[in-house]
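Enquirer: Dropping the sequence and predicted coords here.
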Amino acid sequence: MKLNNLVLNPLKRVKQKRIKDENDEGTSQEVILPRETGINHIKCKAIRLKKNEELQREKKKIKKLRRKARIEANEPKQVPHTIESLREKDETMIYGDINSEENEEVRIDMEHDEFAAYYRQEYEPKVLITYSDNPHTKTRIFGRELTRIIPNSTSLYRNRSGIKKIVKSCVQKNFTDIIVINENQCKPNGMLIIHLPDGPTINCKLSNVKITPELRRSHKEITEHRPEVILNNFTTRLGHTVSRMFGALFHYQPEFKGRRVVTFHNQRDYIFFRHHRYEFNKKTGKPRLRELGPRFTLKLRYLQHGTFDSKYGDYEWTIQGRRHQMETSRRKFFL
């Protein structure tokens, strides 16, 4: 029994008749459309795969012709719509340069906030990294790797001390910041950062943690040079405060000789941390990145005025307990 022509030739192109446009004098346009291609009904798997490959090649050819026509017609490049490009505008978003007249209020706040002394280079950061009680192996390794990344940092166990007691002790010993790594089911799942002596405090959910051995890297690749810090895509007042807090953990004078870069990249309120070393190709001069590790993702839970106080603390921003009230749209972001 003979099969239908659609089955034998599912990719045969049909040329429509040339249509003369009334607006164009004497011009004609030939429209080429692919024929309807249903291949799911073909029972033979080998023939079905072959037809699918032919279909993909045909689609690529048509896409290439359309791109070529756009270039010849000097049409602007089409920008795809994403959730970020359709983001709902926030009242606290910062546009343009910080030093411009439009952002004068933001600049004044920066000059008088808790991190102003650091950005005036009046002191060098000194960071304490500690853990929850009885940390497991991965959490301990993660904390030690942070000490290699953050200059002038120390890793110590809590020994069942409360956070308020640790804060008082660190203030007396001239520490400027505290990082507490919490864990659940033997894996790090939270990060508490306290700026001393007067705060603020942020609490972040910690996920997707990959330590250096899991990335097939060696800790010997991490040198002792102070890294450069890149804070990317923090566009609101809240995001600006969080990014300044991350920046205040590192020394303000990086050692470019080490070619190390630490990146905090915000995307849809998820903060992605990456640690790289870059090298320049001698022939082309283009940089080449090599990830050193560790790798992790942060999600802000709350920003609190002052040092840590879970009972009487004054929260500047929090999402705990009101997620459904605040996340009313997928296109609304807070950082």
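Expert: It's in.
Enquirer: Contacts only, for Ser100.
Expert: Contacts for Ser100 (C-beta atoms under 8 Å, 6 or more residues apart in numbering) come out as none. Where you see a C-beta, it was placed from the backbone N, CA and C, and this is true even at glycine.
Enquirer: a strand runs through Ile181, doesn't it?
Expert: Yes: secondary structure of Ile181 (DSSP: H, G, I helix; E, B strand; the rest coil): part of a strand.
Enquirer: Count the residues that sit near it.
Expert: Neighbours of Ile181 under the rule other C-beta atoms under 10 Å: 22.
Enquirer: Bridging across strands, which residues link to it?
Expert: With DSSP bridges as the criterion, Ile181 is bridged to Tyr131, Met191.
Enquirer: my guess is it contacts Ile141, does it?
Expert: No: Ile181 lies out of contact with Ile141 (C-beta atoms under 8 Å); the separation is 10.8 Å.
Enquirer: How about the secondary structure of Glu53?
Expert: Glu53 falls in the helix class when you classify it by three-state DSSP.
Enquirer: can you check Ile39 too?
Expert: Following three-state DSSP, the label given to Ile39 is coil.
Enquirer: can you tell me how far it sits from Lys60?
Expert: Distance of Ile39 to Lys60, computed by C-beta to C-beta, to the nearest Å: 17 Å.
Enquirer: Which one of these two is surrounded by more residues?
Expert: Ile39 (16 against 10).
Enquirer: If we ignore the residues flanking it in sequence, what's nearest the more buried one?
Expert: Leaving out its chain neighbours, the residue that sits closest to Ile39 by C-beta to C-beta, 6 or more residues apart in numbering is Lys51, at 4.7 Å.
Enquirer: for Asn208, same thing?
Expert: Sequence neighbours aside, Thr297 is the residue nearest to Asn208 in space, at 4.5 Å (criterion: C-beta to C-beta, 6+ apart).
Enquirer: ok, that neighbour touching Met191?
Expert: No: in this structure, Thr297 is not within contact of Met191 by C-beta under 8 Å, at 10.6 Å.
Enquirer: Overlap in contacts, the two.
Expert: Shared contacts of Thr297 and Met191 (C-beta under 8 Å, 6+ apart): Leu206.
Enquirer: more crowded one of the two?
Expert: Neighbour totals were compared for Thr297 and Met191, and Met191 leads with 20 against 17 (other C-beta under 10 Å).
Enquirer: in the sheet, who's paired with Phe272?
Expert: Taking DSSP bridges as the rule, Phe272 bridges to His265, Thr297.
Enquirer: That one and His265 touch, don't they?
Expert: Yes: if you go by C-beta under 8 Å, Phe272 and His265 touch, sitting 4.7 Å apart.
Enquirer: how about the helices in the chain?
Expert: Here the chain has its helices, by DSSP state H, at 5-8, 45-72, 104-112, 116-119, 137-149, 163-172, 237-247, 323-326.
Enquirer: Mind checking those helices for the one nearest to Lys282?
Expert: Comparing the helices of the chain by their distance to Lys282 (C-beta to C-beta), the top pick is helix 137-149, with 27.9 Å.
Enquirer: Now do the closest one: which elements does it pack against?
Expert: strand 127-131, strand 153-155, strand 177-184, strand 187-195 (3 or more C-beta pairs under 8 Å, 6 or more residues apart in numbering; DSSP states H and E).
Enquirer: tell me which residues in the second one are buried?
Expert: In other words, strand 153-155. 153, 155 (16 or more other C-beta atoms under 10 Å).
Enquirer: In the sheet, which strands lie alongside that strand, parallel or antiparallel?
Expert: Strand pairing for strand 153-155, determined by DSSP bridges: strand 127-131 (parallel).
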